[in-house]
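Visitor: Sequence unavailable; structure follows:
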């Protein structure tokens, strides 16, 4: 999924700045959530989503709550885009104060209490409704409602209101950006991997599988945990290790990829299916997230078929690290069967004619193919009382070395990563 393409959003700015071709479509409802034989549609308009909550759960106060989420998430997005965190100078601290002391105090309080504390009290007695919030926040904030700070939870609950389908897949925009980079005289080295970084007379020397490059300024886009092993210098390794160890946790993912042909394709493209039975050991979520390619998106699947990606959170510590072991093979088979059975039970009513090219990925798959430390995905999970100032951010304590990606503020999600890159670029080119 993509978000941040609405007016003023980070991806909207990216598309405008680089004149990117429009390869996305607005999705509404953003997500269809299936549980206990019911379906809740996450509709974009606050009034529509409030009506949906009332229809499915019969709760009071839904309109007020949905409008509060919509308004507050917009305020947080605007603040985040205008005032990068954390401030790096006296001038930037002064700029932050322009947002208003009352607003900053409110946000500060909402980083000190969990999202569950802002839910109406009678809603907390509805286990199914709480499960909906938990599972939505797990995919958007990497934390459930009882551990995600209220401010982060508001952003997580608000993001489906600005959700888009990427025509050609999630990488299509990346390919378009690569083309713009090369056209502007830049160099893009695909299928390459950095092996080591050492200091040089110019600044830094980076050795990759395809050669050696020198630079004065270095911007890393790998997770903070991977940075430690890249640097040869002991002092740099020690500095980075201290930061990495402060946030030495993260989720893994189990994924299934395949093509499907239906008699009657489902109407929505994004679905979350809550489990109605215990999941295999190693699965950390209570649901799977299902992404379909659009029926008319021939770049993703041939005529009559749809490409499908299914994912769920995984506890990395509960999965064998030896991909050649029988324990790992049994886990991969069991969890793959569980995911596919969940899919068939939900969408069998649509007339599944054929499933083809089925593949299952685990945290070891992510580690093998993306080199991410232990196969961690989604960035660093948020916790209550974890003040943004103390999170890892773009300015590393190394001369002219910076960090982007989902482990650096604002992190998490394509929109957050893009916004972080834009803010760093703006600061460095002032």
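Guide: Perfect, I can see it now. Note that the structure is a prediction, hence the values are computed from the model and not measured. Numbering: from 1, shown residues only.

Visitor: in the stretch 151-300 of the chain, which spans are helices?
Guide: Ranges of helices in the stretch 151-300 of the chain, per DSSP state H, counting those that start in this stretch, are 172-183, 224-230, 234-246.

Visitor: what sits against residue 4?
Guide: 10-12, 162, 414-415, 418-419 (CB atoms under 8 Å, 6 or more residues apart in numbering). In short, each C-beta sits where N, CA and C put it, glycine included.

Visitor: what about it, distance to residue 101?
Guide: 28 Å (CB to CB, to the nearest Å).

Visitor: now swap in residue 302 and tell me
Guide: Taken as CB to CB, the span from residue 302 to residue 101 is 58 Å.

Visitor: higher neighbour count, those two?
Guide: residue 302 (11 against 8; other CB atoms under 10 Å).

Visitor: Quick check: that one is in a helix.
Guide: No - looking at residue 302 with DSSP: H, G, I helix; E, B strand; the rest coil, it is coil, so not inside a helix.

Visitor: what ranges do the helices span in the stretch 1-150 of the chain?
Guide: Remark: helices assigned in the stretch 1-150 of the chain by DSSP H, counting those that start in this stretch are 10-17, 46-57, 62-82, 90-97, 101-112, 127-140, 150-158.

Visitor: and the first one, which residues are buried?
Guide: Okay, so that is helix 10-17. Residues of helix 10-17 classed as buried: 10-11, 13-15 (neighbour count, 16 or more other CB atoms under 10 Å).

Visitor: Now do the contacts for the closest residue to residue 31 other than its chain neighbours.
Guide: Excluding its sequence neighbours, the residue lying closest to residue 31 (CB to CB, 6 or more residues apart in numbering) is residue 42, at 4.4 Å. By CB under 8 Å, 6+ apart, the residues touching residue 42 are 29-33, 49, 52, 136, 160.

Visitor: Top of those by number of neighbours, please.
Guide: Busiest of these [other CB under 10 Å] is residue 49, holding 26 neighbours.

Visitor: Provide a list of residues in contact with that residue.
Guide: Taking CB under 8 Å, 6+ apart, we find residue 49 in contact with 41-43, 62, 66, 161.

Visitor: between those, which is closest to residue 224?
Guide: residue 161 (30.4 Å; CB to CB).

Visitor: So that closest one is in contact with residue 67, correct?
Guide: No - using CB atoms under 8 Å, residue 161 makes no contact with residue 67, being 11.4 Å away.

Visitor: These two: who's more crowded?
Guide: Neighbour totals were compared for residue 161 and residue 67, and residue 161 leads with 22 against 14 (other CB under 10 Å).

Visitor: which non-adjacent residue is nearest the more buried one?
Guide: Using CB to CB, 6+ apart, the closest residue to residue 161 is residue 44 (4.5 Å).

Visitor: ok, the one you found to residue 300 distance?
Guide: Per CB to CB, residue 44 is found 24 Å from residue 300.

Visitor: do residue 335 as well
Guide: Distance, residue 335 to residue 300, by CB to CB: 24 Å.

Visitor: neighbour count winner among those two?
Guide: Taking neighbours as other CB under 10 Å, residue 335 and residue 300 compare with residue 335 leading, 23 against 20.

Visitor: Checking residue 307 next. Helix, strand or coil?
Guide: Following three-state DSSP, residue 307 is assigned to strand.

Visitor: Might one say that it is in contact with residue 299?
Guide: No - if you go by CB under 8 Å, residue 307 and residue 299 don't touch, sitting 9.5 Å apart.

Visitor: one step back: tell me which of the buried residues of helix 10-17 is nearest to residue 191?
Guide: The closest of the buried residues of helix 10-17, once distances to residue 191 are taken by CB to CB, is residue 14, at 24.0 Å.

Visitor: what pLDDT does that closest one get?
Guide: pLDDT, residue 14: 94.

Visitor: Likewise for residue 161?
Guide: pLDDT at residue 161 comes out at 88.

Visitor: For it, give me its contacts.
Guide: Under the criterion of CB under 8 Å, 6+ apart, the neighbours of residue 161 are 30, 44-46, 49, 70, 73.

Visitor: Specify which member of those is nearest to residue 348.
Guide: Out of those, the member with the shortest distance to residue 348 (by CB to CB) is residue 30, at 23.8 Å.

Visitor: OK, contacts around the closest one?
Guide: Residue 30 makes contacts with 1, 42-44, 160-161, 163, 270, as judged by CB under 8 Å, 6+ apart.

Visitor: So what does it have for phi and psi?
Guide: In terms of degrees, to the nearest 10, the main-chain angles of residue 30 are phi -70, psi -50.

Visitor: any idea how far it lies from residue 162?
Guide: Taken as CB to CB, the span from residue 30 to residue 162 is 8 Å.

Visitor: what's the answer for residue 420, then?
Guide: Residue 420 is 18 Å from residue 162, by CB to CB.

Visitor: which of these two has more neighbours?
Guide: Neighbour tally, residue 420 and residue 162, criterion other CB under 10 Å: the higher count belongs to residue 420, 27 against 23.

Visitor: The more buried one reaches residue 394, doesn't it?
Guide: Yes - Residue 420 lies in contact with residue 394 (CB under 8 Å); the separation is 6.3 Å.

Visitor: Give me the pLDDT value at the residue sitting furthest away from the middle of the chain.
Guide: Residue farthest from the centre of the chain, counting by CA atoms, centre = their mean, is residue 201 at 37.9 Å. We have a pLDDT of 92 for residue 201.

Visitor: ok, now residue 80?
Guide: On the pLDDT scale, residue 80 is placed at 86.

Visitor: who's in contact with it?
Guide: Contacts for residue 80 (CB under 8 Å, 6+ apart) come out as 410, 419.

Visitor: try 10 Å
Guide: Taking CB atoms under 10 Å, 6 or more residues apart in numbering, we find residue 80 in contact with 10, 155, 388, 409-410, 415-416, 419-420, 423.

Visitor: where's it relative to residue 199, distance?
Guide: In terms of CB to CB, residue 80 sits 34 Å off from residue 199.

Visitor: Give me the common contacts of residue 161 and residue 67.
Guide: In contact with both residue 161 and residue 67: 46, 49, using CB under 10 Å, 6+ apart.

Visitor: on that earlier part again, with distance to residue 287 added, can I get the contacts of residue 49 in TSV?
Guide: Listed next are those as TSV, based on distance: CB to CB, whole Å:
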residue	distance to residue 287
41	16
42	13
43	19
62	22
66	21
161	20
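
Visitor: Determine which two of those are furthest apart.
Guide: 62 and 161 (14.8 Å).

Visitor: Which stretches in the stretch 301-430 of the chain count as helices?
Guide: With DSSP H, counting those that start in this stretch as the criterion, the stretch 301-430 of the chain has helices spanning 326-347, 363-370, 413-428.
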